[in-house]
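**Student:** sharing a model prediction with you, sequence too.
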Amino acid sequence: MAFDVARVRALYPALGEGFVHFDGAGGTQTAAPVIEAVADAMRTATGNRSTAFAPGRRALELVAGARAAVADLLGADPSGVVLGPSATALTYTLARTLGAAWRPGDEVVVSRLDHDANVRPWVQAAEAAGATVRWAEFDPDTAELPAGQYADLVTDRTRLVAVTAGSNATGTAPDVAAIAKTAHAAGALVCVDGVHSVPHGPTDLASVGADFLVTSAYKWSGPHLAAMVADPARWESLHPAKLIPSADAVPDRFEYGTPSFPLLAGVTAAVDHLASLDPTAGGDRRERVRAGLAAAQAHEEAVFDRLLAGLAARSFVTVYGAPARRCPTVSFRVAGQAPARTAAALGEAGICLSSGDYYAYEYFRTMGLRDSGGAVRASVYHYNTVDEVDRLLAELDRLADSEGTMVR
């Protein structure tokens, strides 16, 4: 069955304002069922978690429901789902916890392709422990992150390898499974940043090879919450700094303070929304999520192919990176124009794109682009259309013509 993008778009109230959103890599619009679930949870009596009264039991159910939903999204165990305010916060918690056991001479491997949220927490934890940081490099022409280099980077002193499953700057989808295999052969743990990859296709924790995988719900139509998943036994062996009276059970011991119960209702609704993207799919929610994301992925790839071809056909546009496997995201510059100026001009035309380094700090610093403004980023999500791509390309032509740039 063809992906019914009109049906899907109707589920996003914000799209009715008429803006074109190619900014999904920074956060997608929210699906109507998510908005309704959050509102319903706020209208309903909910106490703090307790078994003593019904509103308290409701809170427990909302937490359990969100864990189960994320587990279905990622192929994980609900008991291994840690919930938190952001991927950055969760990664810092893990880095501090693991780093407390590191010693001088231990090693950590990070990549210059990653979002800084999967770099700086590990670098800082290594520095605090006196451990050594080793860097995986990307190919500056293709933006590929060669998996083969990890054979030289990983040693018997490597304690952790941090790597992205999808670059939020170039879309690159490294061979994470191969990287994880190399790390595990040396006894190292692997933390995978799935924030940019999870929204764009089916994800399976075991197949990825991650010991820890983090994702953010607001990148897949949900509220501003995040989750990090691992085998429950892996969490059991770790003991973060925490308040004395707070729960010591897994996964609760990694979650600080009282969660936002209404937003947790939104997390569950967002996964249910993804499970509805292919209305012909059957089976349990895990199977329907996989089918829905596969259908959305095929649609996104077709829209993104149109975008890439259009950018490549314009001599005044420079595209950065050409990875063989990628999420539907691209960074580019318009000749003679600062990226912030391009983004602002497109914004005035109702087209939303990001500019700058979007926290892909090491990528843009290595490319020598950060100090001059980074780049403009366009990312495709399942509610985008080829008509929107054509609108973007036409607007780029208009901008280039107004600047006196030759338009092909």
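**Tutor:** Nice, thanks for sending it over.
**Student:** ranges for the helices of the chain?
**Tutor:** Using DSSP state H, the helices assigned to the chain run over residues 5-9, 32-43, 54-74, 87-99, 120-129, 150-153, 176-185, 205-208, 232-236, 261-275, 285-312, 339-348, 361-366, 386-402.
**Student:** most packed of those helices?
**Tutor:** Most buried of the helices of the chain by mean neighbour count (mean count of other CB atoms under 10 Å) is helix 261-275; its value is a mean of 25. Just so you know, the C-beta spots here come from the backbone N, C-alpha and C atoms, and that holds for glycine as well.
**Student:** by contact count, what packs against that helix?
**Tutor:** Judged by 3 or more CB pairs under 8 Å, 6 or more residues apart in numbering; DSSP states H and E, the packing partners of helix 261-275 are helix 32-43, helix 54-74, helix 285-312.
**Student:** where does pLDDT dip in this protein?
**Tutor:** 1, 404-408 (pLDDT under 70).
**Student:** which residue is nearest the centroid of it?
**Tutor:** Val195 (1.4 Å; CA atoms, centre = their mean).
**Student:** Phe254: which of the helices and strands packed on helix 261-275 is closest?
**Tutor:** Put simply, out of these the one that sits nearest Phe254 is helix 54-74, at 12.2 Å, with distance taken as CB to CB.
**Student:** that older thread, would a markdown table of the helices and strands packed on helix 261-275 with distance to Gly209 be doable?
**Tutor:** Rendered in a markdown table, the data for the helices and strands packed on helix 261-275 read as follows (distance: least, CB to CB, whole Å):
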| stretch | distance to Gly209 |
| --- | --- |
| helix 32-43 | 30 |
| helix 54-74 | 13 |
| helix 285-312 | 18 |
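**Student:** relative to Thr258, which of those helices is closest?
**Tutor:** Closest to Thr258 of those is helix 54-74 (CB to CB; 8.8 Å).
**Student:** how big is the angle separating the closest one from helix 32-43?
**Tutor:** Relative orientation of helix 54-74 and helix 32-43, computed by axes from the mean of the first three to the mean of the last three CA atoms, to 10 degrees: 160 degrees.
**Student:** and helix 54-74, what does it pack onto?
**Tutor:** Counting contacts by 3+ CB pairs under 8 Å, 6+ apart, helix 54-74 packs against strand 81-84, strand 212-216, strand 226-229, helix 261-275, helix 285-312.
**Student:** adding distance to Gly350, write those out as TSV.
**Tutor:** Formatted as TSV, the entries for these read as follows, by distance: least, CB to CB, whole Å:
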stretch	distance to Gly350
strand 81-84	34
strand 212-216	26
strand 226-229	30
helix 261-275	25
helix 285-312	17
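**Student:** Trp135: which of the ones you listed is closest?
**Tutor:** Once CB to CB is applied to those, the stretch that comes out nearest is strand 212-216, at 20.0 Å.
**Student:** who's in contact with the closest one?
**Tutor:** Contacts of strand 212-216 from elsewhere in the structure, counted by CB atoms under 8 Å, 6 or more residues apart in numbering, are 70, 73-74, 76, 86-87, 90-91, 94, 118, 165, 189-195, 198, 203, 205, 224-230, 234.
**Student:** strands paired with that strand, and their directions?
**Tutor:** Next to strand 212-216 in the sheet, as set by DSSP bridges, lie strand 189-193 (parallel), strand 226-229 (antiparallel).
**Student:** so which of those is the most packed in?
**Tutor:** Of all the strands paired with strand 212-216, as judged by average neighbours under mean count of other CB under 10 Å, the leader is strand 226-229 with a mean of 28.
**Student:** for it, list the C-alpha coordinates in PDB.
**Tutor:** What follows is strand 226-229, C-alpha atoms only, in PDB (Å, rounded to 0.1, in the frame of the first residue of the first chain):
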ATOM      1  CA  ALA A 226      13.900  11.100  26.200                       C
ATOM      2  CA  ALA A 227      14.700   7.500  26.900                       C
ATOM      3  CA  MET A 228      17.800   5.500  27.200                       C
ATOM      4  CA  VAL A 229      17.500   1.700  26.900                       C
END
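**Student:** Ala25: how many residues sit nearby?
**Tutor:** 30 (other CB atoms under 10 Å).
**Student:** excluding sequence neighbours, find me the nearest residue to it.
**Tutor:** What sits nearest to Ala25 in space, not counting adjacent residues and going by CB to CB, 6 or more residues apart in numbering, is Ser379, at 3.7 Å.
**Student:** wait, that neighbour sits on Thr28?
**Tutor:** No - with contact defined as CB atoms under 8 Å, Ser379 does not count as touching Thr28 (9.3 Å).
**Student:** and those two? which has more neighbours close in?
**Tutor:** It is Ser379, of Ser379 and Thr28, that has more neighbours when counted by other CB under 10 Å, with 29 against 23.
**Student:** Arg134 and Ala233, how far apart?
**Tutor:** Taking CB to CB, to the nearest Å as the measure, Arg134 falls 28 Å from Ala233.
**Student:** number of nearby residues for His200?
**Tutor:** Burial of His200 is recorded as 29 neighbouring residues (other CB under 10 Å).
**Student:** show me what contacts Arg285?
**Tutor:** 69, 72, 271-272, 275.
**Student:** repeat for Thr268
**Tutor:** With contacts defined as CB under 8 Å, 6+ apart, Thr268 is in contact with 37, 62, 65-66, 68-69.
**Student:** make it 10 Å
**Tutor:** Residues in contact with Thr268, defined by CB atoms under 10 Å, 6 or more residues apart in numbering, are 33-34, 37, 41, 61-62, 64-70, 72, 217, 222, 285.
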